[in-house]
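A.B. asks: mind looking at a prediction? Sequence and model below.
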Amino acid sequence: MAISKVGIVGGGLMGHGIAQISAQAGWDVVLREVDDEKLAKGIGMIEKQLGRAVEKGKMEQADADAVRGRINGTTDYGELADCDLVVEAMTEDLDQKLAMWAEVDAIVKPEAVFATNTSSLPVIDQAASTSRPDKFLGLHFFNPAQVMPLLEVVQTVTTSEEALALGNEFGGQLGKTVVAAKDKAGFIVNRLLVPYMLDAIRAYEEGFGSIDEIDVAMKGGAAHPMGPLTLADFVGLDTLNSIAQVMFAEYAERRFAAPPTLRKMVAAGWYGKKSGKGFYDYSGEKPVPTDLGL
Ligand SMILES: NC(=O)c1ccc[n+]([C@@H]2O[C@H](COP(=O)([O-])OP(=O)(O)OC[C@H]3O[C@@H](n4cnc5c(N)ncnc54)[C@H](O)[C@@H]3O)[C@@H](O)[C@H]2O)c1
């Protein structure tokens, strides 16, 4: 089946980016959020990114306008009805995702393919909850979706070869490097990256170094483009905490357990860059390490 219209559920950090690149690839896009405020925030992020691309001479104004014109924001699930592919990029919470699919599955045309951008939940649990487990796969993008080249494409036990082919074709047309990943919690990248970020938080708790010393050390000593605590702030500490909980529940290994500092920061509403404060305070010109009292 050829794709002409793509639905994105969730317009946060990931969803707005996936909506933008889908529109840039030429498809009509419907972006669904929970309320007008969240929707305006998501659309606002897309407009800002397009504005920046024009400013930097990477895109013509007319092209940016055309991309924006292909994105239709809504709070109504009904507008997803004629999408050929629906990708969910909503909060990392299985119950919330299942409640969403129950609504979307009943509305969207039966031949459409569904995909989850989950970072840590096994795909089968969402696929099996719908009436079309054969047309369900994992499409795991990376943050920011506009920039990061990788797409993990996940075939769960029920995914048909046709749905898998559509996912691969979608990734290819977005210009992504497509890697096939097994339906194992965390797939390839987060199986390796999540324990690393959690361990950086534990190293900080254990006094191996200050926040910026740990980040500077891993940038300079391992040639990473950003340190692990900055990376955690970029992922979103609420999302990282949810991912850790899912992976710990799945594997029961300490390396996936959320360190107390992470849980406390999430309880305080410090979600990282997106909320203005995490391991760093982003309110000034430059990020400043947060005093966590350790
Ligand atoms: N942050 C990352 O680095 C990253 C990377 C890859 C994948 N992911 C995954 O992508 C998903 C989204 O993560 P995020 O970082 O964008 O989170 P986020 O908190 O930035 O955004 C989630 C958005 O989903 C919206 N939402 C919740 N329920 C909804 C519903 N029923 N309909 C429409 N919108 C709804 C929320 O209002 C929020 O704006 C998660 O599954 C996460 O694991 C995150």
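C.D. replies: Perfect, I can see it now. Numbers count the residues shown, from 1 in each chain.

A.B. asks: contacts, neighbours, all on C-alpha from now
C.D. replies: Will do.

A.B. asks: quick one: buried residues of stretch 62-74?
C.D. replies: The neighbour-count check on stretch 62-74 (16 or more other CA atoms under 10 Å) flags Ala64, Val67, Arg68, Arg70, Ile71, Gly73, Thr74 as buried.

A.B. asks: just confirm the second one is within a helix.
C.D. replies: Yes. Looking at Val67 with DSSP: H, G, I helix; E, B strand; the rest coil, it is inside a helix.

A.B. asks: so which of the buried residues of stretch 62-74 are in helices?
C.D. replies: Applying DSSP state H to the buried residues of stretch 62-74, the entries found in helices are Ala64, Val67, Arg68.

A.B. asks: which among the residues you listed gets closest to Val30?
C.D. replies: Minimum distance to Val30 across those is 11.3 Å, recorded for Arg68 (CA to CA).

A.B. asks: these two touch, right, that closest one and Glu47?
C.D. replies: Yes. Using CA atoms under 8 Å, Arg68 is in contact with Glu47, at 7.2 Å.

A.B. asks: for whichever residue of the stretch 151-294 of the chain sits closest to the ligand, what are its contacts?
C.D. replies: Minimum separation of the stretch 151-294 of the chain from the ligand (CA to the nearest ligand atom) falls at Val235, amounting to 3.7 Å. For Val235, the residues meeting the contact criterion (CA atoms under 8 Å, 6 or more residues apart in numbering) are Asn143, Gly272.

A.B. asks: show me what the biggest helix by length in the chain is packed up against.
C.D. replies: Among the segments of the chain that qualify as a helix by DSSP H, the longest is helix 36-55. When contacts are defined as 3 or more CA pairs under 8 Å, 6 or more residues apart in numbering; DSSP states H and E, helix 36-55 sits against helix 13-24, helix 61-69, strand 71-74.

A.B. asks: phi first, then psi, for the residue of the stretch 151-294 of the chain closest to the ligand.
C.D. replies: Val235 adopts backbone torsions of phi -60, psi -40, taken as degrees, to the nearest 10.
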